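K.L.:
got a predicted model here, sequence first, then my questions.
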Amino acid sequence: FPSHDTTSWPNPFSAWYGGTKHQMLYTASELTAQGLEAGSVISAVTFDIAAFAPNACTDFTIRMGTTSVTQMTGLVSGTTTVYGPLTFTPSATGIVTFTLSTPYVWDGSSNLIVETVHNAGNGGNGAGTTTKTSTTLNNSVYRVAKDNVAGGIAGFDSTTFTVMGAHNIRPNMTFVYSSS
């Protein structure tokens, strides 16, 4: 039985644990460098899958929220659901687009948290899916994981985590948006 340490982190699509949550920080300067401005409406986000295994991410949910935090040292509260929960099963490498069910309007000045969470409520669905990543100057990701948490996403949100960590490696993600 392999150790959980063999899985690459951070990894929003890892199904190695029964559930996992990632919060990725994007600074206002990073967002403006991508062309976003006050009032930009984010309608989708993309991730670049480097390798995949058809392991379901049960009730995959994306949330967004603004923060004044400039480095991730723990989970940030106050995110709202913009996608899901819908089960996502990786099926190919390359860019995967998640069209938001509730587009997110960025205020133009705050740092942005993009949170992904999924929870199968079991001991994990398997490893093998990874995303392409980039190194950041500071800890731009905080992630938690836990096996056998009942109650879906709500149960996962309210549990205490024993597996957690901050990372200066962030999954490659882009924002699909329109400006005002």
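P.N.:
On my side now, so go ahead. Numbering: from 1, shown residues only.

K.L.:
how about the helices in this structure?
P.N.:
28-33, 152-157 (DSSP state H).

K.L.:
adding distance to residue 86, mean neighbour count and mean pLDDT, write these out as CSV.
P.N.:
All C-beta spots, glycine's among them, are computed from the backbone N, C-alpha and C. Below are those laid out as CSV (distance: least, C-beta to C-beta, whole Å; neighbours: other C-beta atoms under 10 Å; pLDDT from 0 to 100):
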stretch, distance to residue 86, mean neighbour count, mean pLDDT
helix 28-33, 25, 14, 97
helix 152-157, 11, 17, 95
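
K.L.:
can you say which of the ones you listed is nearest to residue 8?
P.N.:
For residue 8, the closest of the helices of the chain is helix 152-157, at 21.0 Å, according to C-beta to C-beta.

K.L.:
with just CA atoms, put that closest one into PDB.
P.N.:
Provided in PDB are the C-alpha atoms of helix 152-157 (Å, rounded to 0.1, in the frame of the first residue of the first chain):
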ATOM      1  CA  GLY A 152     -20.200  15.500   1.000                       C
ATOM      2  CA  ILE A 153     -18.700  19.000   0.500                       C
ATOM      3  CA  ALA A 154     -20.500  20.400   3.600                       C
ATOM      4  CA  GLY A 155     -19.000  17.600   5.800                       C
ATOM      5  CA  PHE A 156     -15.600  18.200   4.300                       C
ATOM      6  CA  ASP A 157     -15.800  22.000   5.000                       C
END
